[in-house]
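Student: Here is a sequence with its predicted model. Questions after.
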Amino acid sequence: MIDHVTSRWGIWILISLRDKELRFFELRESIRGISEKMLAQSLRALVEDGLVWRQVEPTTPPQVTYGLTEFGQDLGEPLDDLFDRITRRLS
């Protein structure tokens with residue numbers, strides 16, 4: 001689980017989902033440089049770890065929405081603080 005959370009894409013996924021639920025394509029657009037394959041793999045790992053939930057709406061094509069579980073939100077709070085401190089220092 002630690003590897004998933006601290007991976008490059010795991011951190012970005014948790015940060016992107018901190019304020020709202022996002023569909024797969026919205027999540028992909030919010031994370032610059034991630035491929036669909038890597039996003040799918042990272043999301044699958046975070047869902048299995050219980051940090052992210054996944055909801056599929058039976059439409060054509062299926063709409064898949066992701067959000068943070070209570071555990072994911074709790075774990076994401078320190079990441080938010082770290083992310084905010086880093087971005088304040090960047091020009």
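Tutor: Received, thanks.
Student: can you give me the helices in the chain?
Tutor: Counting by DSSP state H, residue ranges of the helices within the chain are 2-6, 8-16, 24-30, 36-48, 70-89.
Student: contacting residues around the second one?
Tutor: Where contact means Cβ atoms under 8 Å, 6 or more residues apart in numbering, the residues beyond helix 8-16 that reach it are 4-5, 22, 27, 30-31, 34, 38-39, 42-43, 45-46, 51-52, 68, 72, 75-76, 79-80, 83. Every residue, glycine included, has its C-beta placed from N, CA and C.
Student: let's see 7 Å
Tutor: By Cβ atoms under 7 Å, 6 or more residues apart in numbering, the residues outside helix 8-16 that reach it are 4-5, 22, 27, 30-31, 34, 38, 42-43, 46, 51, 68, 72, 76, 79-80, 83.
Student: again with stretch 20-35
Tutor: 9, 12-13, 16, 36, 39, 63-67.
Student: let's see 6 Å
Tutor: Contacts with stretch 20-35, where a contact means Cβ atoms under 6 Å, 6 or more residues apart in numbering, come from 9, 12, 16, 39, 64-67.
Student: ranking those residues by neighbours, who comes first?
Tutor: Among those, the one with the most neighbours (other Cβ atoms under 10 Å) is residue 66, at 22 neighbours.
Student: And the residue nearest the centre of this structure?
Tutor: residue 13 (2.2 Å; Cα atoms, centre = their mean).
Student: From residue 27, how far out is it?
Tutor: Distance, residue 13 to residue 27, by Cβ to Cβ, to the nearest Å: 7 Å.
Student: Over to residue 10?
Tutor: Residue 10 is 13 Å from residue 27, by Cβ to Cβ.
Student: so residue 72 touches residue 50, yeah?
Tutor: No: the pair residue 72 / residue 50 is not scored as a contact, 7.6 Å apart, by Cβ atoms under 6 Å.
Student: More neighbours: those two, which one.
Tutor: Shown here are residue 72 and residue 50; by other Cβ under 10 Å, residue 72 has more neighbours (22 against 13).
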